[in-house]
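**Q** Below are the sequence and a predicted model; questions follow.
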Amino acid sequence: MTSDVPSSGRFEGNQHRFPVRVYFEDTDLSGVVYHANYLRYMERARSDMLRVAGIDQRAAFETGEGVYAVRDVTLRFAAPARLDDELLVVSRLTAMRPAACVIQQRVMKGEAMLVEALVEAVFITPAGRPRRQPSQWLDIFTRLLSEGN
């Protein structure tokens, strides 16, 4: 029996793998994925990567502990995706600091890398000031980083 639950992707070692299909709404007039939509794919993949790893962002927000805010994004476009393409967003933690984490993300079509990003997310208070990430989250990040070595 199958479940009607959205896919959250899965981990293979320290890499989170999140499948995405390109829909008509994702494309521009030329029929390729509009550049900003890659950021949407990556945001979904990062959110699910954290959820699958055991990080409850919603609880941290609801209790007033804090939220992540993207501080920096570097993007490199290599090739376009088109309508109905099956893509895979591969995400992995590359660095951790007390109040931030850095995640490398690649949007793949088969073996071809279409877009690569480096994303720095900072944990902030409801007032917008950086603060230490919860210790349990740092433990999770330490495990993910060690799995990559």
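**A** That came in fine, so what should we check first?

**Q** right, and residue 73 touches residue 119 too?
**A** Yes - using Cβ atoms under 8 Å, residue 73 makes contact with residue 119 at a distance of 5.2 Å. (C-beta placed from N, C-alpha, C; glycine too.)

**Q** Which one's more surrounded, those two?
**A** The residue with more neighbours, out of residue 73 and residue 119, is residue 119; 22 against 13, by other Cβ atoms under 10 Å.

**Q** Is the more buried one in contact with residue 95, as I believe?
**A** No - counting by Cβ under 8 Å, residue 119 stays clear of residue 95, with 10.9 Å between them.

**Q** Overlap of the contact sets of the two?
**A** Here residue 119 and residue 95 have residue 102 as joint contacts, going by Cβ atoms under 8 Å, 6 or more residues apart in numbering.

**Q** Now do stretch 50-63: everything it contacts.
**A** Applying Cβ under 8 Å, 6+ apart, the external contacts of stretch 50-63 come out as 8-11, 16, 47, 65-68, 134, 136-137, 140, 144.

**Q** no wait, stretch 7-23
**A** 33, 41, 44-45, 48-49, 51-53, 81-93, 107, 144-145, 147-148.
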